[in-house]
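1. model the structure of this input:
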Amino acid sequence: MPDLSLLFPLFAILLWAGNVMVSKLSAHAIDPQAITFWRLVLAVALMSLFVLKPAWRNRAAIAPQLPRLAFLGFLAMVLFQCLSYEAAKTTTATNMAIMTSLVPLLTMLLSVWLLGEAPTLGMAGGGVLSFGGLVYLISAGEPATLLAGGAHAGDLLMLAAALAYALYGVLLRRWQSGLPAWQSTYLQALAALLLMALLVLRLPAQAVLPTRASLPLIAYAGTLASVVLPFLWMQGVRYLGPNRCSMFMNLLPVATAAIAVGWFGERLHGYHLLGGGAALAGVVLAQTVRRGWPAARADLRETAGG
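-> Here you go, the predicted structure:
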């Protein structure tokens, strides 16, 4: 039987690809902090319909977890989102997807540091293969141009956003709260909303109020991207672990490119197929080759013999 838990991160990535396109469309339609605020307003309102009462009944278990839930909400729903929307002003949707797909590599490093995990050969080889495919994809088949042209400000912002989300994934596993997934997501969103409410107070009213152009973007971001996507991703982390789950982010550029071709009529080039294929192969390699890293096995032998 196939591992149906793989569907959690897969569907999350498809929704995430749509959200990348929304981020690009919103770059000149609404302030980054404003759309982050309104998407949280909508998300909290929707989740309140079916989570508020159970969460209130479970308040004794929730109360000790509030600081951690608030920090998780800050990482995933404030910092990551605000940086992503700001990056969309100066970089492309493909670049955004590529930088987000660095999360698996960052997650492995953070897991070794924070969780004491040793990377497997599959993770190392798959990460390198995926990274090579992503570089080939973003450079349109000419990696040397990245060295000559350097990185744009938007790319650096997305790299910072990817680091924030990698930390979110690792801490989500380390701080297993035992709360139902919906309640955890709801409390994270509520904490993020309170913080964003304070931040948007300093913006002029015309920058905060939604417009006809931004309303559909807020609707997508506040429902599918802020309610369904986090739930799917948290379930994926729960069943697969942060390393295996985060490797699915290598599919994000492929899904984003597919949407761009179908929606904006962009042409599909050979470097899309080669780079995207390498990224997908890296995901498969990381999930199937689970042999331990040689140095880690040597340490285990020394520990057993000592």
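
2. residues in contact with stretch 197-211: which ones?
-> Applying Cβ atoms under 8 Å, 6 or more residues apart in numbering, the contact partners of stretch 197-211 are 29, 30, 31, 33, 34, 37, 38, 218. The C-beta positions use only the backbone N, C-alpha and C, and glycine is treated the same way.

3. wait, stretch 42-52
-> Under Cβ under 8 Å, 6+ apart, the answer for stretch 42-52 is 182-183, 185-186, 189-190, 193, 218-219, 221-223, 226-227.

4. can we see that at 6 Å?
-> If you take Cβ atoms under 6 Å, 6 or more residues apart in numbering as the criterion, stretch 42-52 is touched by 182, 183, 186, 189, 190, 193, 222, 226, 227.

5. max pairwise distance over those: which two?
-> Farthest pair in the contacts of stretch 42-52 (Cβ to Cβ) is 183 and 222. Separation: 18.8 Å.

6. any idea which of the contacts of stretch 42-52 is closest to residue 105?
-> Of all the contacts of stretch 42-52, residue 105 sits closest to residue 226, with 25.6 Å by Cβ to Cβ.

7. surely that closest one is in a helix?
-> Yes: under DSSP: H, G, I helix; E, B strand; the rest coil, residue 226 falls within a helix.

8. surely it and residue 38 touch.
-> No: applying Cβ atoms under 6 Å as the test, residue 226 and residue 38 come out as separate, 10.1 Å apart.

9. ok, these two, which is more surrounded?
-> Taking other Cβ atoms under 10 Å, residue 226 and residue 38 do not tie; residue 226 has more neighbours (28 against 24).

10. and the more buried one, what does it touch?
-> Per Cβ under 6 Å, 6+ apart, neighbours of residue 226: 39, 43.

11. any figure for the gap between it and residue 59?
-> According to Cβ to Cβ, to the nearest Å, residue 226 and residue 59 sit 23 Å apart.

12. tell me which helix or strand the nearest residue to residue 91 once chain neighbours are set aside sits in.
-> The shortest distance from residue 91 to any non-neighbouring residue, by Cβ to Cβ, 6 or more residues apart in numbering, is to residue 154 (2.9 Å). Counting by DSSP states H and E, the element that carries residue 154 is helix 153-174.

13. same for that helix, what does it pack against?
-> helix 80-87, helix 93-100, helix 103-114, helix 229-240, helix 242-246 (3 or more Cβ pairs under 6 Å, 6 or more residues apart in numbering; DSSP states H and E).

14. any low-confidence regions in the protein?
-> For the chain, the stretches with pLDDT under 70 are 1-2, 138, 147-152, 242-243, 246, 264-268, 272, 287, 290, 292-306.

15. follow-up on the earlier one: can you pick the most crowded of the contacts of stretch 197-211?
-> Neighbour counts for these, by other Cβ under 10 Å, peak at residue 37, which reaches 27 neighbours.

16. that residue reaches residue 193, doesn't it?
-> No: contact criterion Cβ under 6 Å: residue 37 and residue 193 do not qualify, at 7.4 Å.

17. now the angle from whichever strand or helix holds residue 37 to helix 229-240?
-> Applying DSSP H and E as the criterion places residue 37 in helix 32-57. Per axes from the mean of the first three to the mean of the last three Cα atoms, to 10 degrees, the angle that helix 32-57 makes with helix 229-240 is 60 degrees.

18. rewinding a little: so the residue nearest to residue 91 makes contact with residue 92?
-> No: Residue 154 is beyond contact range of residue 92, at 8.1 Å (criterion: Cβ under 6 Å).

19. give me the distance between the closest residue to residue 110 other than its chain neighbours and residue 117.
-> Distances taken as Cβ to Cβ, 6+ apart place residue 170 nearest to residue 110, at 4.7 Å, with adjacent residues excluded. Distance, residue 170 to residue 117, using Cβ to Cβ: 9 Å.

20. now the common contact residues for the two.
-> Residues within reach of residue 170 and of residue 117 at once, by Cβ under 6 Å, 6+ apart, are residue 111.

21. apart from its chain neighbours, what residue comes closest to residue 159?
-> Sequence neighbours aside, residue 99 is the residue nearest to residue 159 in space, at 5.2 Å (criterion: Cβ to Cβ, 6+ apart).

22. follow-up on the earlier one: more neighbours, residue 170 and residue 117?
-> Legend: neighbour count by other Cβ under 10 Å for residue 170 and residue 117, higher for residue 170 (25 against 18).
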